[in-house]
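Participant: here is a sequence together with a model predicted from it:
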Amino acid sequence: MKRLKRKKQNAGVGATENGCVTKESDNGKKQKLAQIHQALISDPVDIETLRNAAASKGGLLTDEVRRKVWPKLLNINVYELPHKPGRDVRKNHKDYNQVVLDVRRSMKRFPKGMPPSERAVLQEQLIDIILDVLKRNPQLYYYQGYHDVAVSLLLVVGERMAIAMLDTLSNYHLRDFMDPTMDSTKHILNYLMPILEQVDRELHDFMTRAEVGTIFALSWLITWFGHVLSDFKHTLRLYDFFLSSHPLMPIYLAATIVLHREKEVKQSECDMAMVHHLLSRIPQDLPYELLISRAQDLFDRFPPSLLAKRAALQSHKSISISTFQMFQLSTLDQRPDSVLQRLTKTPGSTASGQGLDAVLSRDGGRLWGEGNRMVKMAVWGLSATLGAAVFAVAQTAMEWGPEVLLQLF
């Protein structure tokens, strides 16, 4: 009897002993859904409420809501989506072979139990989505990990909307990762240590002595954690947060994860290989809501402008940072979908995502949670502190993709 009572006590707020949500939790979700609906039908759309909903506890709650809110967060007209790419998009494209290799290696990013034939269809769509966006934006350069972002979008919103969203993200939030060199990506990673220094000087100094650098967080940053989380629901929760936030928010979340593991790090041997090995394996049971809240708090306390001044980071021109304010302003004057439909020449057109819904209809539109497990990664020579651990770093890079190894030297 005592054990039963203890289990009931440990069920947690918002849950009963059989795992069902409480009336209070259910009412909270209903209230949030009502607020989101009201924000969507407001004219203009209440973007600030949508951002708050995406960032606050629970995020956007369902994929159905995400299909409505994500486009608004990126200022996308759902009735003027790009056409599906033709097969000619692959013809003579310089990145075709690399994209195909990466997509073929992405099997674990698709729902567990999905029939191979359906996964193959989505993988072909993924290749076309990536190449179509790159063809539309010749100034952008493909990077390994880009497909992880693309597949996360495809699995929620479908092919045409994924193209529109990826196009916008590539020109704003992900823009620094799509330069011809890794300099801008290195610049974003360089914000990590100053954040740690502001919060936990002892931890910062320990990692500095270990010469671990920031390579362990690279895959987190450039894939928005999509590559390293095994449960897709956690990936979606983070995408809600990042889509509603500043482009640097992923690095703030990375800092929050390191701070959360502070005791583990300090108790490890002060050695580059040991600390890198520890940090590169991200735990799968992290308290995501708590970490998201802390990341937002860190961003408010230590904004990028403050860190840039303190850490001499302002010398590099970040396109993602410099264009973010303009991007945010551009989202504030959107019409609700009901109005957009009346204003569109083809009012009978429908929003993207139906094809995917049909593919996943057996699961009621939900996506399974089994994604890929953490692939230990340290790519491209972004740190001058590889030291004696270069072999370990190179070995982990081989697991990401053989092509990446060449970037280490």
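Facilitator: That came in fine, so what should we check first?
Participant: how many other residues sit next to residue 28?
Facilitator: Residues within reach of residue 28, counting by other CB atoms under 10 Å, total 15. Placement of C-beta: from N, CA and C, glycine included.
Participant: start at 34 instead
Facilitator: Will do, 34 is the new start, and the previous item becomes residue 61.
Participant: residues in contact with the strand or helix carrying it: which ones?
Facilitator: Here residue 61 sits within helix 56-74, counting by DSSP states H and E. Helix 56-74 is contacted from outside by 46-48, 54, 78-80, 82-83, 86, 89, 91, 93-94, 98, 101-102, 105, 369-371, using CB atoms under 8 Å, 6 or more residues apart in numbering.
Participant: helices - which of these land there?
Facilitator: 80, 82, 83, 86, 98, 101, 102, 105, 370, 371 (DSSP state H).
Participant: which of the residues you listed count as buried?
Facilitator: The neighbour-count test (16 or more other CB atoms under 10 Å) applied to the ones in helices among the contacts of helix 56-74 identifies 80, 83, 86, 98, 101, 102, 105, 370 as buried.
Participant: and the spatially closest residue to the third one that is not a sequence neighbour, how many residues sit next to it?
Facilitator: In space, not counting the residues next to it along the chain, residue 86 is nearest to residue 69; the distance is 5.2 Å by CB to CB, 6 or more residues apart in numbering. By other CB under 10 Å, 22 other residues sit near residue 69.
Participant: just the pLDDT for residue 69.
Facilitator: You'll see residue 69 listed with a pLDDT of 97.
Participant: any idea how far residue 248 is from it?
Facilitator: 38 Å (CB to CB, to the nearest Å).
Participant: check residue 343 too.
Facilitator: For residue 343 relative to residue 248 (CB to CB), the value is 23 Å.
Participant: quick one, what contacts the residue nearest to the spatial centre of the chain?
Facilitator: Nearest to the geometric centre of the chain sits residue 257, at 2.7 Å (CA atoms, centre = their mean). For residue 257, the contact set (CB under 8 Å, 6+ apart) comprises 181, 182, 185, 268, 271, 272, 275, 283.
Participant: mind doing that once more with 10 Å?
Facilitator: Counting by CB atoms under 10 Å, 6 or more residues apart in numbering, residue 257 touches 178, 181-182, 185, 202, 206-207, 268, 271-272, 274-276, 282-283, 286.
Participant: buried residues, the lengthiest helix in the chain. List them.
Facilitator: Assignment by DSSP H gives helix 149-169 as the longest helix of the chain. For helix 149-169, the buried set under the neighbour-count rule, 16+ other CB under 10 Å, comprises 152, 155-156, 158-169.
Participant: point out where this protein drops to low pLDDT.
Facilitator: 34-57, 344-345, 347-348, 378-442 (pLDDT under 70).
Participant: related to what we said a few turns ago, which ones among the contacts of residue 257 are found in helices?
Facilitator: Short answer: these in helices (DSSP H) are 181-182, 185, 202, 268, 271-272, 274-276, 282-283, 286.
Participant: out of these, who's nearest residue 148?
Facilitator: Ranked by distance to residue 148 (CB to CB), the ones in helices among the contacts of residue 257 are led by residue 185 at 20.4 Å.
Participant: distance of the nearest residue to that closest one once chain neighbours are set aside from residue 239?
Facilitator: For residue 185, ignoring the flanking residues on the chain, the nearest one in space by CB to CB, 6+ apart is residue 259 at 4.8 Å. Note on residue 259: its distance to residue 239, by CB to CB, is 29 Å.
Participant: swap in residue 58?
Facilitator: On the measure of CB to CB, residue 58 and residue 239 end up 40 Å apart.
Participant: show me the contacts for residue 377.
Facilitator: With CB under 10 Å, 6+ apart, residue 377 has these contacts: 110, 111, 112, 113, 370.
Participant: so what's the backbone phi/psi at residue 264?
Facilitator: Backbone torsions of residue 264, given as degrees, to the nearest 10, read phi -100, psi 120.
Participant: burial measure for it, as a count.
Facilitator: By other CB under 10 Å, neighbour count at residue 264 equals 15.
Participant: that one and residue 315 touch, don't they?
Facilitator: No: using CB atoms under 10 Å, residue 264 is not in contact with residue 315; the gap is 11.8 Å.
Participant: hang on, the earlier thing: which of the ones in helices among the contacts of helix 56-74 lies closest to residue 338?
Facilitator: Of those, the one sitting nearest to residue 338 (CB to CB) turns out to be residue 80, at 22.6 Å.
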